[in-house]
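A.B. asks: below are the sequence and a predicted model; questions follow.
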Amino acid sequence: MEQPILRINGIYKKFVTEKGNTINALDKIDINIQENEFICILGPSGCGKSTLLRIIAGLEKPSMGEVYYKNQEIKKCHKEIGMVFQQYTLLPWRTIIENIALGLEINGMDKKQRIDKARKYLSLVGLEKFETSFPYELSGGMQQRVAIARVLANDSNVLLMDEPFGALDAHTRVLLQRELLEIWKKNKKTVIFVTHSVDESIYLADKIVIMSKSPGKIKKIIDVNIERPRERSNIAFGKLSTELFDML
Ligand SMILES: Nc1ncnc2c1ncn2[C@@H]1O[C@H](COP(=O)(O)OP(=O)(O)OP(=O)(O)O)[C@@H](O)[C@H]1O
């Protein structure tokens, strides 16, 4: 077996609240993630999914344990690891193309080069016509497509996605799940996707990490051996769905 691209090694995270209570948000989390794998983290509210993602992103420090990316310990944000949040995070005063090019601008790429690169990713998410629009002119689903284009434009190799489709209507959500899988296949990315939804996790993942809460622990890791593209009407899909609901 190849070396995992990401190694989450004995992660514990305790928070102390203002009232002095200790919360064990994460308790001995061990996960090995291979390159190009699509992982879903599934669990009830408060089981530590976002905390785990923030630790992998280098936005939060664990109380114990380490995360290794390509055998190097992550201690701060890494340029190859990008995050897409549930809330739309585009800058309202920038056009869509300028939003996608933001990270490239921060890294000092010249204007023509960064706009050309941003255009490539804008077209990958099917929004060429909105290059000079502002975020408020786009629907929630379109704004999330732009957020995905933005992490891809930054050459993120690992996409961390914290319930990115949670705020969307059911129809748009299914469309974006399909598009995300297309992008993942074409661009060879490693994805860690947090969700509450059993259906979403079975549709997307190679592997589902099921968590339980108080303390936030891994309950089970399940390989999803259902052929892609997956159909929700497939018997195996329904069977796994019942199994996961029982477990949660
Ligand atoms: N900065 C903080 N200070 C204190 N407690 C925190 C902090 N951040 C998270 N927690 C607590 O840690 C636990 C895990 O929170 P986290 O947001 O990671 O859960 P989650 O599974 O992502 O929840 P949800 O699905 O509702 O977003 C919760 O009990 C939460 O209250």
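C.D. replies: Nice, thanks for sending it over.
A.B. asks: helix or strand: which one has the residue minimising distance to the centre of the chain?
C.D. replies: Centroid-nearest residue in the chain, with Cα atoms, centre = their mean: M161, separated by 1.7 Å. If you go by DSSP states H and E, M161 is part of strand 158-162.
A.B. asks: what do you get for S156?
C.D. replies: Going by DSSP H and E, S156 is not in any helix or strand.
A.B. asks: can you tell me how far it is from E35?
C.D. replies: Distance, S156 to E35, by Cβ to Cβ, to the nearest Å: 13 Å. Any C-beta I mention is one placed from the backbone N, CA and C, and that applies to glycine too.
A.B. asks: and those two? Which one has more around it.
C.D. replies: S156 (22 against 15; other Cβ atoms under 10 Å).
A.B. asks: and the spatially closest residue to that one that is not a sequence neighbour, bridged to which residues?
C.D. replies: Using Cβ to Cβ, 6 or more residues apart in numbering and skipping the chain neighbours, the partner closest in space to S156 is G82 (3.1 Å). Note on G82: beta-bridge partners by DSSP bridges are L159.
A.B. asks: which elements pack onto the longest helix along the chain?
C.D. replies: Ranked by number of residues, the top helix in the chain under DSSP state H is helix 170-187. Applying 3 or more Cβ pairs under 8 Å, 6 or more residues apart in numbering; DSSP states H and E, one finds that helix 170-187 makes contact with helix 140-153, helix 198-204.
A.B. asks: ok, which stretches of the chain are strands?
C.D. replies: Ranges of strands in the chain, per DSSP state E, are 6-16, 22-33, 38-42, 64-69, 72-73, 81-84, 158-162, 190-195, 207-212, 217-223.
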